[in-house]
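In: no sequence on this one, just coordinates:
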């Protein structure tokens with residue numbers, strides 16, 4: 001159930017006006033046991049604490065404006081920021097401005113196919129950027145878009161890289177901290193089939209080995225009725241070396257309340273400057289979610305992956321969680 005906040009905006013020139021803001025969110029907590037490098041750890045805690053404010057205004061003439069802001073990560077020590085953005089939409093399509101980490105293109109974005117997600121495990125974790133994007137209207141299920149983003153390329157530099165109004169990302173970075181990128185996307189979604197392709201190029205590559213030059217991404221899913229399957233592939237060219245990411249996922253409803261999912265991912269790198277990066281590593285995940293209601297569920301998930309090429313010990317993570325959305 002969504003809750004609505006009626007916010008009062010006081011305008012000096014025109015008096016008072018009202019705007020409706022929808023508040024949604026999720027709180028997930030439970031038990032986690034993990035193993036990394038042969039060292040085990042476990043305990044209770046909060047997995048997700050997310051509050052989302054969403055507003056929309058009809059501007060007339062088929063034009064609308066929308067905005068969203070997330071509070072992501074509430075602890076006794078403080079409150080963390082989350083993704084945020086706004087958009088103008090109409091018959092021309094949609095123009096959006098956003099700041100955030102988004103979701104992983106492969107394991108987090110394969111059209112809702114089940115699984116635990118392999119970002120920050122087999123694949124890279126997500127980093128924040130500022131972006132502007134245009135998405136066309138649907139032409140019989142076919143859409144296209146173009147985007148520009150600038151910001152961090154690793155989590156360590158997220159706080160210090162140019163993410164913020166007027167900061168920009170000028171010049172050639174002295175290390176692999178930030179870059180600008182432009183991407184073109186084509187998508188198709190109709191009936192049981194959904195596919196997406198993206199090509200992105202970065203400037204400011206300079207001579208830093210880990211800076212990106214270009215990347216091609218493909219993903220798709222198909223709903224078989226009894227199950228949904230998905231797959232994806234990415235090929236990325238760096239200043240030095242290449243990387244290929246592959247992904248497979250399947251999800252199905254065992255009963256009206258029980259959803260099961262599994263995913264598998266693999267990363268292969270070649271000619272990278274750091275010799276230990278070269279080679280292939282992979283991992284997989286299993287997930288079961290039992291719905292107690294439309295908003296509350298019990299989740300059990302397990303993931304196992306190779307943290308590095310040729311690692312002596314696999315990393316694992318087991319979660320037993322209670323999740324409530326509002």
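Out: Cool, got the structure. Because the structure is predicted, anything quoted here is derived from the model rather than measured.

In: From now on I want contacts and neighbour counts done on CA atoms only, so please keep to that.
Out: Noted.

In: Enumerate the beta-bridge partners assigned to residue 279.
Out: As for beta bridges, residue 279 partners with residue 269 under DSSP bridges.

In: unless I'm mixing things up, it is touching residue 308, no?
Out: No. Checked against Cα atoms under 8 Å, the pair residue 279 and residue 308 is beyond contact range at 9.2 Å.

In: and after the host helix or strand of residue 59, which helix or strand comes next?
Out: The secondary structure element spanning residue 59 is strand 39-60 (assigned by DSSP states H and E). Using DSSP H and E, the helix or strand that directly follows strand 39-60 along the chain is strand 63-75.

In: What residues does residue 263 make contact with?
Out: 107, 114-117, 247-250, 284-286 (Cα atoms under 8 Å, 6 or more residues apart in numbering).

In: quick one on the thing from earlier: contacts for the strand holding residue 59?
Out: With contact meaning Cα under 8 Å, 6+ apart, strand 39-60 is reached by 19-35, 64-74.

In: strands paired with the helix or strand that residue 200 is a member of, and their directions?
Out: Here residue 200 sits within strand 193-202, counting by DSSP H and E. Strand pairing for strand 193-202, using DSSP bridges, gives strand 178-190 (antiparallel), strand 212-223 (antiparallel).

In: Out of those, the one nearest residue 129 is which?
Out: strand 178-190 (9.1 Å; Cα to Cα).

In: Centre of the chain to the closest one, how far?
Out: Average the C-alpha atoms of strand 178-190, do the same for its chain, and the two points are 14 Å apart (Cα atoms, centre = their mean, to the nearest Å).

In: Same check on stretch 211-224?
Out: That offset, for stretch 211-224, works out to 13 Å (Cα atoms, centre = their mean).

In: Stretch 250-266 too?
Out: 19 Å.

In: Equivalent analysis for stretch 66-73, please.
Out: 14 Å.

In: List the buried residues in it.
Out: Under the neighbour-count criterion of 16 or more other Cα atoms under 10 Å, stretch 66-73 has 67-73 buried.

In: Including pLDDT, could those go into CSV?
Out: Output for the buried residues of stretch 66-73, formatted as CSV (pLDDT from 0 to 100):
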residue, pLDDT
67, 97
68, 97
69, 95
70, 94
71, 91
72, 88
73, 83
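
In: In this protein, which residue is most central in space?
Out: Nearest to the mean C-alpha position of the chain, by Cα atoms, centre = their mean, lies residue 103 at 0.5 Å.

In: part of a helix, is it?
Out: No. Per DSSP: H, G, I helix; E, B strand; the rest coil, residue 103 lies outside any helix segment and is coil.

In: distance of it from residue 127?
Out: 10 Å (Cα to Cα, to the nearest Å).

In: who's more crowded, residue 279 and residue 308?
Out: residue 308 (19 against 16; other Cα atoms under 10 Å).
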